[in-house]
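Undergrad: Sequence plus predicted model, see below.
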Amino acid sequence: MVLGIRNAGSDRVWREQGGQRELQDRVVGKGLCTGCGACIGLCPYHVSHENRIVFLHSCEVKVGRCYTFCPRAPTDLDALRGALFERADLTPEIGAVRGFYIARAADPRVRETAQHGGTVSALVALALKDGMIHEAILTNAGEDLLTGGVRVTDPERVSESAGSRFVVSPALGFFNRLANDHERKIGIVTTPCQTLSLGKMRLQALVEDSGVTNLPKLVIGLFCGWAFSWGKLLAVLNEKVDMASIIGMDIPPSRYHSLEIRTHSGRMEIPLDEVSSCVREACRSCFDMTAEFSDLSVGSARLPEGWEEARQWNQVVVRTRAGEELLALAKSKGILEFRDIPAGNLERLKRAAVRKKVAAVRNLIRQSGKPDDWIYLDSRDSVFATLKAG
């Protein structure tokens, strides 16, 4: 079945079709599963268990949403970018850019409990207060840092989900279970792989009846270089720290080469070499560092004053009108405060994003054994062609 959206000058349809069998053979079996949760909450056959997707029963449906919305099922990214963003805003390195800022929550109490500058917590709380969304799907760390989705309707409770454990949450499964209530305006905070899945849902809603009755009204993406496999990380940390004492984690800039653990008794650092084997294998084949398919995306800042100052601020990339409206509202209400952008910051971010793209392609070629077979990526994609030419 052709969906009607094709790339200009190309015979490609915008996504590959399949079902559980393709999901098992082409994604999970190849070590590409990100654990995002896009395939759960749609039917009772798939569940997330201890940071892994588990198939409880075989399914013979030939075309299923589980594979359609999987971020590692082949997708025509050019069609996706063209349908979801203004073409004038698109950049090959980090996707659409309508605005770039250095910002943080104006309320120091928000910053105290949040990751870095607290921008995400402040924006989600504002969107709930203003009625832009009725509820937010966030990530909570449960016992032994195992993450999961949580539904938040009270702006005052957003801070309870602040902070990162650097383990992917299957939060999209939580979204799938809520999405049948078309009266609810849902916002969600996601990793790059999850924003791609939601982008595919948004695009399919434009071209056919996808079965998704309530698409997210707001997608806030998080910058992400990679995430840990929960089981492997747990094994390492159990030998070094009382898991119940952990109150936060951070990964400083690359020159520090460490994982920072904050506990009730203080701060400790673990050399990255000791946890590098815990990185989820699928992350090595991810091309997106800045959550390109979100409405706006947020990451840690890089400032000339050094890391201790930079960790109090965020970089923010605004991508859509919805993201632009939320940031403007935050500015007008004094929810966020801003500082001047140091010279070259955006360019450095773009270079880092390109390095991740190049590494992803290299790893995919190594896996396929063929220079033109990028498994879930298309070597003809305009972004990769531009970067190759540059």
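TA: Sure thing, it's come through.
Undergrad: From here on, just use CA atoms for contacts and neighbour counts.
TA: OK.
Undergrad: and the gap between Ala114 and Ile186?
TA: According to C-alpha to C-alpha, to the nearest Å, Ala114 and Ile186 sit 21 Å apart.
Undergrad: Can you verify my assumption that Val61 contacts Gly19?
TA: Yes - here Val61 lies in contact with Gly19, judged by C-alpha atoms under 8 Å, at a distance of 6.0 Å.
Undergrad: Which parts of the stretch 51-200 of the chain are strands?
TA: 52-55, 90-91, 95-96, 99-105, 135-141, 147-152, 186-190 (DSSP state E, counting those that start in this stretch).
Undergrad: Any chance you could list what contacts the first one?
TA: The contact list for strand 52-55, computed with C-alpha atoms under 8 Å, 6 or more residues apart in numbering, reads Cys33, Gly35, Gly37, Tyr45, His46, Val47, Ser48.
Undergrad: Now do the contacts for the third one.
TA: Same thing as Gly37. Gly37 touches Ser48, Ile53, Ser169, Pro170, Ala171, Leu172, Gly173, Phe174, counting by C-alpha under 8 Å, 6+ apart.
Undergrad: Which stretches in the stretch 251-390 of the chain count as helices?
TA: Listed in chain order, the helices of the stretch 251-390 of the chain (DSSP state H, counting those that start in this stretch) span 307-310, 321-332, 345-368, 382-389.
Undergrad: which stretch in these has the least confidence?
TA: The minimum mean pLDDT among those belongs to helix 382-389 (a mean of 87).
Undergrad: Run a quick neighbour tally on the closest residue in space to Ala244 that isn't next to it in sequence.
TA: Spatial nearest neighbour of Ala244, excluding adjacent residues (C-alpha to C-alpha, 6 or more residues apart in numbering): Asp144 at 7.1 Å. Using other C-alpha atoms under 10 Å, Asp144 has 16 neighbouring residues.
Undergrad: So for stretch 62-78, what gets flagged as buried?
TA: Residues 64-78 are the ones in stretch 62-78 that count as buried (16 or more other C-alpha atoms under 10 Å).
Undergrad: Can you tell me the closest non-neighbouring residue to Phe223?
TA: Using C-alpha to C-alpha, 6+ apart, the nearest residue to Phe223 is Thr290, at 4.4 Å.
Undergrad: OK, contacts around the one you found?
TA: By C-alpha under 8 Å, 6+ apart, the neighbours of Thr290 are Ile94, Pro192, Gly221, Leu222, Phe223, Cys224, Ser297, Val298, Gly299, Ala353.
Undergrad: Enumerate every residue touching the fifth one.
TA: Contacts here follow C-alpha under 8 Å, 6+ apart; on that basis Phe223 touches Thr191, Pro192, Met289, Thr290, Ala291, Ser297, Val298, Gly299, Ser300.
Undergrad: Next, give phi and psi for the first one.
TA: Meaning Thr191. Torsion angles at Thr191 (phi, psi; degrees, to the nearest 10) stand at phi -90, psi 170.
Undergrad: Tell me, how many residues neighbour it?
TA: 27.
Undergrad: so where's the protein uncertain?
TA: 1-14, 181-182, 207-213, 390 (pLDDT under 70).
Undergrad: So the residue sitting nearest the centre point of it versus Ala343, what's the distance?
TA: Centroid-nearest residue in the chain, with C-alpha atoms, centre = their mean: Thr191, separated by 1.3 Å. Taking C-alpha to C-alpha as the measure, Thr191 falls 27 Å from Ala343.
Undergrad: Check Ser276 too.
TA: 32 Å.
Undergrad: So between those two, which is more surrounded?
TA: Using other C-alpha under 10 Å as the criterion, Ser276 and Ala343 rank with Ser276 on top: 13 against 10.
Undergrad: Tell me how far the more buried one lies from Ala353.
TA: Applying C-alpha to C-alpha to Ser276 and Ala353 gives a distance of 20 Å.
Undergrad: what's the answer for Gly37, then?
TA: 24 Å.
Undergrad: What of Ser379?
TA: 18 Å.
Undergrad: More neighbours: which of those two?
TA: Taking other C-alpha under 10 Å, Ser379 and Ala353 do not tie; Ala353 has more neighbours (21 against 15).
Undergrad: Could you list which residues are in contact with that one?
TA: If you count contacts by C-alpha under 8 Å, 6+ apart, then Ala353 has Glu93, Ile94, Asp288, Met289, Thr290 around it.
Undergrad: cool, and Ser229?
TA: Asn51, Val167, Cys278, Val279, Arg280.
Undergrad: will you turn the residues you listed into TSV that also has distance to Glu156?
TA: TSV is the format used below for the contacts of Ser229 (distance: C-alpha to C-alpha, whole Å):
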residue	distance to Glu156
Asn51	28
Val167	25
Cys278	34
Val279	33
Arg280	33
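Undergrad: Any of the residues you listed buried? List them.
TA: Buried among the contacts of Ser229 (16+ other C-alpha under 10 Å): Asn51, Val167, Cys278, Val279, Arg280.
Undergrad: Wait, the first one touches Val168, no?
TA: Yes - with contact taken as C-alpha under 8 Å, Asn51 and Val168 are classed as touching, separated by 7.4 Å.
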